[in-house]
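In: show me how the following folds:
(chains A, B, C and D)
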There are 2 protein chains.
Amino acid sequence: MGSKYISTSVIRRLPRYFRFLNSLKQTGMIRISSSELAERMGISASQIRQDLNCFGGFGQQGYGYNIEKLQAEIGKILGVDRGLKTVLIGAGNLGQTLAQSIEFEKRGFNIIGIFDKKEALFGEVLRGLPIRSADDLEDFCKENHVDAAILCIPFKEAAANIDSYVKTCGIRGFWNFSHYNINEKYPEVAVENVHFNDSLMTLCYRVINLDKKD
Amino acid sequence: MGSKYISTSVIRRLPRYFRFLNSLKQTGMIRISSSELAERMGISASQIRQDLNCFGGFGQQGYGYNIEKLQAEIGKILGVDRGLKTVLIGAGNLGQTLAQSIEFEKRGFNIIGIFDKKEALFGEVLRGLPIRSADDLEDFCKENHVDAAILCIPFKEAAANIDSYVKTCGIRGFWNFSHYNINEKYPEVAVENVHFNDSLMTLCYRVINLDKKD
DNA sequence: ACAAACTTGTTACTTTTTTTAACAAACTTT
DNA sequence: AAAGTTTGTTAAAAAAAGTAACAAGTTTGT
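Out: The predicted structure is shown next:
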């Protein structure tokens, strides 16, 4: 199997290709060349060809790329149909909203359990799943293989429980909404951070300093 | 005023310094050297000194940095007390959750208006503010100077209204939860994207390819 | 069937960005 | 006043990202 290391910037462009090709597909277009795709996406043709080349050859000289096939290939690379077994940890305001509004199945995840500390929430149903006690998470993970977790809990909770999540529960991927730095302690797991506060502060800086742009 | 261009990586580290110094402050520590801060944060002392140096000298040779003062300085650089006048556009599931659960005032923003297309929502109160009709946004922006917008609307809505937001409303900063690429059309405004779907797909790829890490 | 026109996969090169190292100058402590 | 710290700053090194170029394979038109 291709075991080549792929740079972060390449990986981060894949979802955009995936989405873009999807919209092209819906217009009925059948094929596209790297240069036309490049122009439409506002990037360079070289970059597209080089990005794709990390994973293999999906086009044909003189023809270009079949849009549907290319999208399918990128989807396969990203693993959007893997249905990774996933638990939502923290069913507060944010956790509930994510559970209700995101199409996890189309992005490679399958939510199989929802957990919270707060007794008042136990039994409430979200996305067809009952909210369970966080105390039952370890047992749940022993009974069900769990690949990933969505972490919608405060920093302190994350810090206190990360050992359990990684070592006992065997979770290998985290969609992390807390500010706890998981990779510092466990560099071997996959982490995608979504740090609202940092993102906001960055935006604030940028608005204030618009004159310094570029 | 310092008009030097600051790289994105530097800016993105500032919020983390800000948060970290805050927690140190709360332990009662008064001063810290770049090398000790570096060790605690898991980065290099060189990098800290160089990052800070982009904005001026906040420490003292032989002494190090006064924690409270340094945090205050970084807060000032980020503009966390600017209270940028901000509207929330889109008060659906996500918009409501953000409005309710994020401390905007502590991150430099001041929410002064909430808008949505959906008539059923008009008048409902969020964060002490009534949800207004999206049709009134332009008028609202003419009466109130608006610096930034939180965009919790679908791609198509964003694409259809971005001209109004930028040109008519004069909004210069976007916290963008849609997939619409604002900077492609308006490179002159500040944008912070939060793309849940892309983030999820990236995580999926990473979990699947954990063996290729590093 | 053949030539002209395209377009990819791939390698090498260039540019930019990011990180690390080093050290004189300045302050603190004893 | 001397010894020990630690910064601000410049320069160098390393890493990453992006661009260009082209041989080889396809398609299209005649």
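In: contact partners of stretch A:100-110?
Out: A:78-86, A:111, A:126-127, A:148, B:92-94, B:196-197, B:200-201, B:203-204 (Cβ atoms under 8 Å, 6 or more residues apart in numbering or on different chains). In short, each C-beta sits where N, CA and C put it, glycine included.
In: would you write a PyMOL line that selects the buried entries of the residues you listed?
Out: If you want just the buried ones from these in PyMOL, going by 16 or more other Cβ atoms under 10 Å in any protein chain shown, the selection is:
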select buried, (chain A and resi 78+79+80+82+83+84+85+86+111+126+148) or (chain B and resi 92+94+196+197+200+201+203+204)
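In: what does chain A have sitting close to DNA strand C?
Out: A:33-35, A:45-46, A:49-50, A:52-53, A:56-65 (Cβ under 7 Å from any atom of the strand).
In: quick one, helices of chain A?
Out: According to DSSP state H, chain A carries its helices in the segments A:8-26, A:34-41, A:45-53, A:67-78, A:93-101, A:137-143, A:155-163, A:182-185, A:196-208.
In: send the alpha carbons of the last one over as PDB?
Out: Backbone C-alpha positions of helix A:196-208 (Å, rounded to 0.1, in the frame of the first residue of the first chain) are rendered in PDB as follows:
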ATOM      1  CA  PHE A 196     -13.600  28.800  18.400                       C
ATOM      2  CA  ASN A 197     -11.900  31.200  20.700                       C
ATOM      3  CA  ASP A 198      -8.500  31.200  19.000                       C
ATOM      4  CA  SER A 199     -10.300  31.600  15.600                       C
ATOM      5  CA  LEU A 200     -12.200  34.600  16.900                       C
ATOM      6  CA  MET A 201      -9.200  36.300  18.400                       C
ATOM      7  CA  THR A 202      -7.300  35.700  15.100                       C
ATOM      8  CA  LEU A 203     -10.100  37.300  13.200                       C
ATOM      9  CA  CYS A 204     -10.200  40.300  15.600                       C
ATOM     10  CA  TYR A 205      -6.500  40.800  15.000                       C
ATOM     11  CA  ARG A 206      -7.000  40.700  11.300                       C
ATOM     12  CA  VAL A 207      -9.900  43.100  11.200                       C
ATOM     13  CA  ILE A 208      -7.900  45.600  13.200                       C
END
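In: so what does it touch, helix or strand wise?
Out: Using 3 or more Cβ pairs under 8 Å, 6 or more residues apart in numbering or on different chains; DSSP states H and E, the elements in contact with helix A:196-208 are helix B:8-26, helix B:67-78, strand B:84-89, strand B:173-176, strand B:190-193.
In: mind redoing it with 10 Å?
Out: The contact analysis (3 or more Cβ pairs under 10 Å, 6 or more residues apart in numbering or on different chains; DSSP states H and E) places helix A:196-208 against helix B:8-26, helix B:67-78, strand B:84-89, helix B:93-101, strand B:109-116, strand B:148-151, strand B:173-176, strand B:190-193.
In: kindly report the same for the third one.
Out: The helices and strands touching helix A:45-53, judged by 3+ Cβ pairs under 10 Å, 6+ apart, are helix A:8-26, helix A:34-41, strand A:65-66, helix A:67-78.
In: buried residues of the last one, list them for me.
Out: The one in question is helix A:67-78. Judged by neighbour count (16+ other Cβ under 10 Å), helix A:67-78 contains these buried residues: A:Ile67, A:Leu70, A:Gln71, A:Ala72, A:Glu73, A:Ile74, A:Gly75, A:Ile77, A:Leu78.
In: go on, the second one?
Out: Within helix A:34-41, the residues that qualify as buried by neighbour count (16+ other Cβ under 10 Å) are A:Ser34, A:Leu37, A:Ala38, A:Met41.
In: next one: the helix or strand bottoming out on mean pLDDT in chain A to chain centre, how far?
Out: The least trusted helix or strand in chain A, going by mean pLDDT, DSSP states H and E, turns out to be helix A:182-185, with a mean of 94. Mean C-alpha position of helix A:182-185 versus that of the full chain (Cα atoms, centre = their mean, to the nearest Å) differs by 18 Å.
In: on that earlier part again, and of the helices and strands packed on helix A:196-208, who's closest to B:Asn161?
Out: Closest approach to B:Asn161 among these is made by strand B:84-89 (8.1 Å; Cβ to Cβ).
In: just the CA atoms of the closest one, as CSV, please.
Out: The C-alpha coordinates for strand B:84-89 follow below in CSV (Å, rounded to 0.1, in the frame of the first residue of the first chain):
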residue,chain,number,x,y,z
LEU,B,84,-15.9,45.1,17.3
LYS,B,85,-19.5,45.7,16.3
THR,B,86,-20.8,42.5,15.0
VAL,B,87,-23.9,41.0,13.5
LEU,B,88,-24.9,37.3,13.5
ILE,B,89,-26.3,36.4,10.1
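In: tell me which other helices or strands it touches.
Out: helix A:196-208, helix B:93-101, strand B:109-116, strand B:129-133, helix B:137-143, strand B:148-151, helix B:155-163, strand B:173-176.
In: most tightly packed of these?
Out: strand B:148-151 (a mean of 27; mean count of other Cβ atoms under 10 Å in any protein chain shown).
In: list the contacts of A:Asp163.
Out: Shown in contact with A:Asp163 (Cβ atoms under 10 Å, 6 or more residues apart in numbering or on different chains): A:Cys169, A:Lys185, A:Tyr186.
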